[in-house]
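> Predicted model follows, preceded by the sequence.
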Amino acid sequence: MTEAEFEDRAEVAASTEEPSELELEYDERDREHPDGDSIPEGESALAVSVDVEDWYHVPAVTGSSFSAYEDVHEFFDDWDDEYDYLTEPTHRTLELLDDLEITATFFVVADVVDNYPGLVEAIADRGHEIGCHGLHHECTIDPDTKEPRFTKAEYSERLRTAKTKLEDASGQRVTGYRAPGAYIGGWVLDVLEDVGFEYDSSVARNSLYNKTDQELSAVETTPYTPRQGSLNPGGDRDLVELPWPYYDVKVGKIPAAGGPLIRIFGRHVVQAGVSQSLRRGDSVFYFHPVDIARETFPKVGNTRRRPAYWLFKGAQAERRIRTLLDRVDVPLVPCGALGSINTC
């Protein structure tokens, strides 16, 4: 199934109030195993992360082969209206994490430092880890062809600029990276390691789509060391990969990392996938502040390629995220706590 086909089906599934086949399967398992949402404390840890990007950073608007604007610079050259739909939900995200006593990793698009003065500093001041989410949230590989959109030298320069910008703003050493849009190739990991990153959290193996440049059958859901020039396990290097969780059911492996998925699939499916992945070992969960934004975003971008992207954002999404995090009975940690693990 292509990514576009997945999004079309997701839009249909999300537009009905009837429970999906996945949720019915989850409900059946939950009746058989009432503790399905919980994991014995201490067996695994869940790294909680937040991807800090605004509505115009998504591939339908900027930074991809199918975006309405080639890049963020072209967007701002043309855009005269309000653009900041990020600050308010980011502060609400900080309050949510305070309420749940969670220290998380915020993977921040580096141009947030310039366009949202004081926001990165506010995140760091609350004690959260700052990670890098690209310089302008540009896709590193073409979403359709999976070919590199930059040379190694070009992307290395962008990463160094982004890393320095985030470190200067936060006062932290930035060691973690998440690929914009989760589009990543093995060559990107080599560049990350060369620039000084210690871990990546971008690889999402599942049966619905593949945003990487290779087949991922060897990838599971627990942290691992990738080989040189590859996303597959079995490497001998310092860089660690923190792959995303999936829910393994009869129809295949359903992506369950959070983000838009908890809005489209509902909490039960994502919760089941997170819980199942935690039974295998440490795992990750993420969401965006714009997932819980209350305002309606401007109608801009290639909506044909992202028809379901903003369905069910806002208060409903915030309730789902809060409930999931409140019900996961394992240590909730920043990604750096897993990225420092010596894995094989």
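Looks like it came in fine. Numbers count the residues shown, from 1 in each chain.

> Kindly indicate whether the spatially most central residue of the chain is helix, strand or coil.
For the chain, the residue nearest the mean C-alpha position is residue 286 (5.2 Å; Cα atoms, centre = their mean). The three-state label given to residue 286 by DSSP: H, G, I helix; E, B strand; the rest coil is strand.

> That one: what's it in contact with?
Residue 286 is in contact with 48-51, 107, 178, 201, 244, 257-259, counting by Cβ atoms under 8 Å, 6 or more residues apart in numbering. C-betas here are computed from N, CA, C, even on glycine.

> Most widely separated two among the residues you listed?
Put simply, by Cβ to Cβ the two of those set farthest apart are 50 and 244, 14.4 Å from each other.

> Mind giving me the packing neighbours of the lengthiest strand in the chain?
In the chain, assigned by DSSP state E, the strand with the most residues is strand 46-52. Applying 3 or more Cβ pairs under 8 Å, 6 or more residues apart in numbering; DSSP states H and E, one finds that strand 46-52 contacts helix 87-99, strand 105-108, helix 119-125, strand 283-287, strand 332-333, helix 335-339.

> how about low-confidence regions in the stretch 51-200 of the chain?
By pLDDT under 70, the stretch 51-200 of the chain has no low-scoring segment.

> in the stretch 101-250 of the chain, which spans are helices?
Ranges of helices in the stretch 101-250 of the chain, per DSSP state H, counting those that start in this stretch, are 112-115, 119-125, 152-170, 186-195.

> and of those, who's closest to residue 237?
Comparing those by Cβ to Cβ, helix 186-195 comes nearest, at 6.5 Å.

> what angle do the longest strand of the chain and strand 283-287 make?
Here strand 46-52 runs at an angle of 30 degrees relative to strand 283-287 (axes from the mean of the first three to the mean of the last three Cα atoms, to 10 degrees).

> Show the subsequent helix or strand relative to strand 46-52.
For strand 46-52, the following helix or strand on the C-terminal side (DSSP states H and E) is helix 72-78.

> mind exporting that following helix as CSV, just the C-alpha atoms?
Extracted in CSV, the C-alpha atoms of helix 72-78 (Å, rounded to 0.1, in the frame of the first residue of the first chain):
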residue,chain,number,x,y,z
VAL,A,72,10.1,27.5,4.3
HIS,A,73,11.9,30.5,2.8
GLU,A,74,9.5,30.6,-0.2
PHE,A,75,6.6,30.2,2.2
PHE,A,76,7.5,33.2,4.3
ASP,A,77,8.3,35.3,1.1
ASP,A,78,4.7,34.7,0.1
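
> Residues contacting that helix, please?
56-57, 61-63, 69, 83, 111, 136-138.

> Filter those down to the buried ones, PyMOL style.
Listed next is the PyMOL selection for buried residues among the contacts of helix 72-78, using 16 or more other Cβ atoms under 10 Å:
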select buried, resi 56+57+61+62+63+69+111+136+137+138
